[in-house]
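**Q** I need the structure of the sequence given here:
(chains A and B, ligands or ions: 2)
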Amino acid sequence: MTEHRSNTPQSPLHEILDVLIPANRDRRIPAAGELGVAAFVTEAAARNPALNSALVTLLSRAGELADGITPHTVRQLESELPDAFRLLLRETYKGYYSRPDMRAKVGVGSHPAHPAGYEVPSESPALLNELTAPVRARGPVFRDPTGDQK
Amino acid sequence: MNHDPVDVLIIGAGASGAAIAWSLLETRMRILCLEQGDHLPDIDFPSRREDYELARYAEFSCDPNVRGLRQDYPINADDSCITPVNWNGVGGSTINFLGHWPRMRPSDFRTRSLDGVGEDWPVDYHDLVPFYDMNDRNTGVSGLGGNPAYPNYTPPHPPIPMGKLGQTLARGFNEKGWHWWPSDVAILSEHDDGRQKCVNAGTCDLGCAAGAKGGTNFTYWPMLENAGVELRTKARVREILVDEDSGFATGVLYHGADGQVQEQKAELVIMACNGVGTPRLLLNSKSKLFPEGLANRSGKVGKNLMFHPLTGVAGVFDEPMKGHEGPMACSILSQEFYESDPGRGFVRGYGLHSGRSTTPMTYALGGYGIDNPIPWGAEHREIMDNVYPYLAGLTVVTEDLPEEHNCVTLDPDLTDSDGIPAPKITYRLGENTRAMLKHGEARAEEVLLAAGAKRVLPKGDKVWWRAGWHQMGTCRMGIDPETSVVNGWGRSHDVKNLFIVDGSIFVTAGAVNPTSTIQALALYVGDQIKTNIATLFD
Ligand SMILES: Cc1cc2nc3c(=O)[nH]c(=O)nc-3n(C[C@H](O)[C@H](O)[C@H](O)COP(=O)(O)OP(=O)(O)OC[C@H]3O[C@@H](n4cnc5c(N)ncnc54)[C@H](O)[C@@H]3O)c2cc1C
Ligand code: SF4
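**A** Ligands and ions are numbered 1, 2, ... in the order given. All right, here's what the predicted structure looks like:
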C-alpha cells in the first residue's frame, strides 16, 4: 500500500485540516493545518494501516474535486467516504488537542499535567451549612427495612 | 520461584483482593496473591505527561480491547450495548477508577421484599456498616456527614471542594426542593499518611500521580507487601483445580511471565477477578465433578450480569463553570429519585451525578465513554470556544435489575495471549432501565435550567458504550444453592474452600458506584472467615 507522506505546508491534507478545525483569529487560536497537525496525522498513519489507507483514499478523491478544498468539498468527502473521514477526523482532534500549547490556548477548559493542578478553595462550613440547609430540613429520605432490627 | 503450598491464595490484586488480604493478615496464614498484570509505578502514569490525553485512546484506555496489553484479556461485547472496562494490574480497576464512593442504601439489600423485584441479599446494610467505616479509614475517604439519604455516618476526611460547578448545581437542586449532597469520594481532601491531597487536575482515569485517589496501589498493597503478603505478578490463572474425591479446590494452574504453566497449591482459594473475570475463570475450570464450570451446580455462574447503564445531560451557562477544576467524576450527587415511586412508571431508581468537565480532546471526541466526535468546521470552533467552557452536566446512573439473559459466557473462538478463552458478554437494556433513563434525562434538564442554564444540549438517545465500569451479579450470593453461587459470606455452595469477594457476588446493583460496597463486603467475608475458622469447611 502507498504510504501517505504529504505533510508539506499547503498540502491538500493541511488544507483539509484547516477546514476541520478552523482558526479563531480573535483569540489567536490556530487552525489544525497551521498548527502542524498534518505531521501528527501522517506519523500516526505510518503506524496504523487503516488510517493510512483512509488518508490515501481521501486525498486521492480530494485531488479529483474541481473546486479544491473548501468546507463544501470536505462535506462531500464526508458523505462519500464516511468511514475514512471519521478516522481522519478522530486523528485530527487527537493531534490538535494533545498539543500542550493548545491546552493553554483553550484556556478555561485546559487540564495541566500532574503534579500541577488547580487551587480550588474548599467551601467554608458556613457556605456548606447554607447550601445543605434545605436538604437537611426535609429530614431522612431513605427506607430502612432492617434498621430497627439491629 | 517457591511453589510451596500456601494457606490462602487470592486471585486478583484489585479492590476486593487487597481488602480481603488485609482482613486476613492478622491470622498469620501464608497469603499469596496471583495477579495477571504488574505493578505500575506512579512515575509512569500518563497524567504526568504533557500529551496525557493520547494515552486515553491507546495504552491507558479503560477498554481492554483498545489497550490490548499483554496482561489484558479481550472481551467480546458484540452482543451488548455496553462494553466492560477495567484495568489489569496491581490495584486492578482502582488504577483508572474515578473515586466516586457512595455507599449502597438500606433498601438496596431488600428489593424483593420492598419492591417485588430482584432478590433480597443474605446480608443487609447494617451488617456492612462497620466494614464500610473500616474501609473508608483505610482508603482515605472525604465527604460531609449527615447526608439525609443514609442512616447517619461521617467520612474520615472533610469534603473535597464542590467548586463553582457543584455549587451552581446545588442551588438548582435547592430551587427544585430535591435532595443532593456533596459526593463521598475515595480522594483525599487533606494530606494523610504520606499521601498528598488532591491537586484538582481532573485526570483521575490516567492514574493519580498525587496519590490522592484511594486506589489499592496506594492504600492496601504497600502495607500488605511490607507485612509479608506475597504478590506474584504476571501470573495469569487459567484454571482452579479441584480434588475429584473431596470436591475441594486444591490450587490453580497459572501462566507465568514466560507463558509456561505452573501449579500452585493452596488450602483456601479466594477469587477477586471482577464481575467478568471471575465467572470467566470458573467457567473455564471444568472437571468431571463440575462439567459446567466450577461451583456452577446452580447454573448461575455468569448469569444476571448488571452494569449501571447511564446517560448524560449538559446545560450551557452564562459563565465558565470551571468544571475542569477538580476530580473528574465527583462533585455532588442527588438521590431524589433513588427509591421506588409507583407514579413514575418504573421500579427502583437512579442517581443524578454531577461529573466535572472532561479534557478538550475527550470532549471533542464525544465525551468520556462515548465514541461520537463533535462536529467539525465552523461549528467545531463555536462549540469549543463558546459552549465547552460554559458547560455543567449531570449523568443519570440507573439501577440495573438482575436478568438471567444478561450474562458472561466463554467465547468459542477468542482467547487471550495465553490461549485462555475470552469472555463474551450478552446484554441488553431492560424496559425498566429505559424508563428510568428517560425519566432521569427529563429531571436532569429541569434541574439544569433551575440552576441557570441558558439551554440544554440535545441529548443522544444511546447509553454510553464504554460505561461497563461496574460489573456485578454474575456469581450472586444467596441462601439457596439452587439459585445462587455463594452463601451469605462469600463461600461457594459447591466447593467449601472456595470464596468469591468481588462484585460478582452482588445480588442487586443499587444505583451507586459499587467499590465501597465491594470492599466492605470483602472485609465482611474476611471477618466471617476469621469468625468461622474452626469450622470453615464444614
Ligand atoms: C474507568 C473506570 C472508572 C471507575 N470509576 C469508579 C468510581 O468512580 N467509583 C466506583 O465505585 N467504582 C468505579 N469503577 C469500578 C471499580 O474500579 C471496580 O468496581 C473495582 O475496581 C472492582 O474491584 P474488583 O476487585 O472486583 O476488580 P478489579 O479491581 O478490577 O481487580 C481485578 C484484578 O483481577 C485480576 N485478574 C483477573 N483475572 C485474572 C486471572 N485469571 N489471573 C490473575 N489475575 C486476574 C485483574 O488483572 C485485576 O487486577 C471504575 C472502573 C473503571 C474502569
Ligand atoms: S484530580 Fe485529584 S484525585 Fe484526580 S488524579 Fe488529580 S490529584 Fe488525583
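
**Q** and stretch B:371-391, how far apart are its ends?
**A** Chord length of stretch B:371-391, first to last residue, is 19 Å (CA to CA, to the nearest Å).

**Q** who's in contact with that stretch?
**A** A:19-24, A:27, A:29, A:71, A:74, A:86, A:89-90, A:92-93, A:106-109, B:314-321, B:323, B:357, B:360, B:363-366, B:457, B:460, B:465-466 (CB atoms under 8 Å, 6 or more residues apart in numbering or on different chains). Placement of C-beta: from N, CA and C, glycine included.

**Q** and those, which are buried?
**A** The neighbour-count test (16 or more other CB atoms under 10 Å in any protein chain shown) marks A:19-24, A:29, A:74, A:89-90, A:92-93, A:106, A:108-109, B:314-317, B:320-321, B:323, B:357, B:360, B:363-366, B:457, B:465-466 as buried among the contacts of stretch B:371-391.

**Q** and these, which of them are in strands?
**A** In this view, those that belong to strands under DSSP state E are B:314, B:315, B:316.

**Q** low-confidence ranges, the chain, go.
**A** Chain wasn't specified; assuming chain A. A:1-10, A:107-111, A:149-150 (pLDDT under 70).

**Q** um, chain B though
**A** Short version for chain B, where the test is pLDDT under 70: B:460-461.

**Q** report the central residue of it.
**A** residue B:470 (4.0 Å; CA atoms, centre = their mean).

**Q** from ligand 1, how far out is residue B:401?
**A** 19 Å (CB to the nearest ligand atom, to the nearest Å).

**Q** which SSE is that residue in?
**A** Under DSSP states H and E, no helix or strand contains residue B:401.

**Q** confirm that residue B:382 sits in a strand.
**A** No: checked against DSSP: H, G, I helix; E, B strand; the rest coil, residue B:382 lies outside a strand; its state is helix.

**Q** picking that back up, and ligand 2, which of the buried ones among the contacts of stretch B:371-391 contact it?
**A** Residues of the buried ones among the contacts of stretch B:371-391 in contact with ligand 2 (CB under 6 Å from any ligand atom): none.

**Q** quick one on the thing from earlier: okay, the ones in strands among the buried ones among the contacts of stretch B:371-391 in CSV with distance to residue B:292 next?
**A** Shown next, in CSV, are these (distance: CB to CB, whole Å):
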residue, distance to residue B:292
B:314, 46
B:315, 50
B:316, 53
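
**Q** of the residues you listed, closest to residue B:538?
**A** Proximity of those to residue B:538 (CB to CB) peaks at residue B:314, which lies at 55.6 Å.

**Q** who's in contact with the residue of the stretch 251-400 of chain B found nearest ligand 2?
**A** Residue nearest to ligand 2 within the stretch 251-400 of chain B: residue B:327 (4.2 Å; CB to the nearest ligand atom). Shown in contact with residue B:327 (CB under 8 Å, 6+ apart): B:98, B:99, B:160, B:185, B:187, B:198, B:200, B:202, B:204, B:213, B:356.

**Q** pretty sure the first one sits in a helix.
**A** Meaning residue B:98. No: under three-state DSSP, residue B:98 falls outside any helix and is assigned coil.

**Q** now residue B:290. Nearest residue, chain neighbours left out?
**A** residue B:296 (6.2 Å; CB to CB, 6 or more residues apart in numbering or on different chains).

**Q** now swap in residue A:144 and tell me
**A** Closest to residue A:144 by CB to CB, 6+ apart is residue B:106, at 4.2 Å.

**Q** in this structure that neighbour contacts residue A:140, no?
**A** No: in this structure residue B:106 lies outside contact range of residue A:140 using CB atoms under 8 Å: 10.6 Å.

**Q** who has more neighbours, the two?
**A** residue B:106 (20 against 13; other CB atoms under 10 Å in any protein chain shown).

**Q** and the gap between the spatially most central residue of chain A and residue B:426?
**A** Central residue of chain A (CA atoms, centre = their mean): residue A:93, 3.8 Å from the mean position. Distance, residue A:93 to residue B:426, using CB to CB, to the nearest Å: 33 Å.

**Q** same check, this time on residue A:136
**A** Residue A:136 is 44 Å from residue B:426, by CB to CB.

**Q** those two: which is more packed in?
**A** residue B:426 (16 against 13).

**Q** and what about the more buried one, helix, strand or coil?
**A** Quick answer, by three-state DSSP: residue B:426 is strand.

**Q** got phi/psi on the closest residue to it other than its chain neighbours?
**A** Of all residues not flanking residue B:426 in the chain, residue B:79 sits nearest, at 4.6 Å (CB to CB, 6+ apart). Residue B:79 adopts backbone torsions of phi -100, psi 40, taken as degrees, to the nearest 10.

**Q** all helices of the stretch 1-150 of chain B, in order?
**A** For the stretch 1-150 of chain B, the helices defined by DSSP state H, counting those that start in this stretch cover B:15-24, B:52-55, B:64-67, B:111-115, B:125-139.

**Q** tell me which of these is the most buried.
**A** Among these, helix B:15-24 has the highest mean neighbour count (mean count of other CB atoms under 10 Å in any protein chain shown), at a mean of 29.

**Q** after whatever helix or strand residue A:34 lives in, next one along is what?
**A** Element membership of residue A:34 [criterion: DSSP H and E] is helix A:32-35. Toward the C-terminal end, the helix or strand that comes next after helix A:32-35 (DSSP H and E) is helix A:37-47.

**Q** could you list the buried residues of stretch B:193-209?
**A** For stretch B:193-209, by 16+ other CB under 10 Å, it's B:195, B:197-209.

**Q** quick one: list the elements packing against the host helix or strand of residue B:166.
**A** Element membership for residue B:166 (DSSP H and E) is helix B:163-176. Other helices and strands packing on helix B:163-176, by 3 or more CB pairs under 8 Å, 6 or more residues apart in numbering or on different chains; DSSP states H and E, are helix A:125-137, strand B:332-334, strand B:391-398, helix B:431-450.

**Q** mind putting the ones you listed in CSV, distance to ligand 1 included?
**A** Shown next, in CSV, are the helices and strands packed on helix B:163-176 (distance: least, CB to the nearest ligand atom, whole Å):
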stretch, distance to ligand 1
helix A:125-137, 22
strand B:332-334, 11
strand B:391-398, 10
helix B:431-450, 18
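
**Q** any chance of JSON lines for the ones you listed, columns distance to residue B:35?
**A** Shown next, in JSON lines, are the helices and strands packed on helix B:163-176 (distance: least, CB to CB, whole Å):
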{"stretch": "helix A:125-137", "distance to residue B:35": "40"}
{"stretch": "strand B:332-334", "distance to residue B:35": "32"}
{"stretch": "strand B:391-398", "distance to residue B:35": "29"}
{"stretch": "helix B:431-450", "distance to residue B:35": "33"}
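
**Q** nearest to ligand 2 among those would be which one?
**A** Nearest to ligand 2, of the helices and strands packed on helix B:163-176 and by CB to the nearest ligand atom, is strand B:332-334 at 16.1 Å.

**Q** for the closest residue to chain B within chain A, give me phi and psi.
**A** Nearest to chain B, among the residues of chain A, is residue A:117, at 2.9 Å (CB to the nearest CB). Note on residue A:117: backbone dihedrals following degrees, to the nearest 10 are phi -160, psi -150.

**Q** and for it, the neighbour number?
**A** 20.
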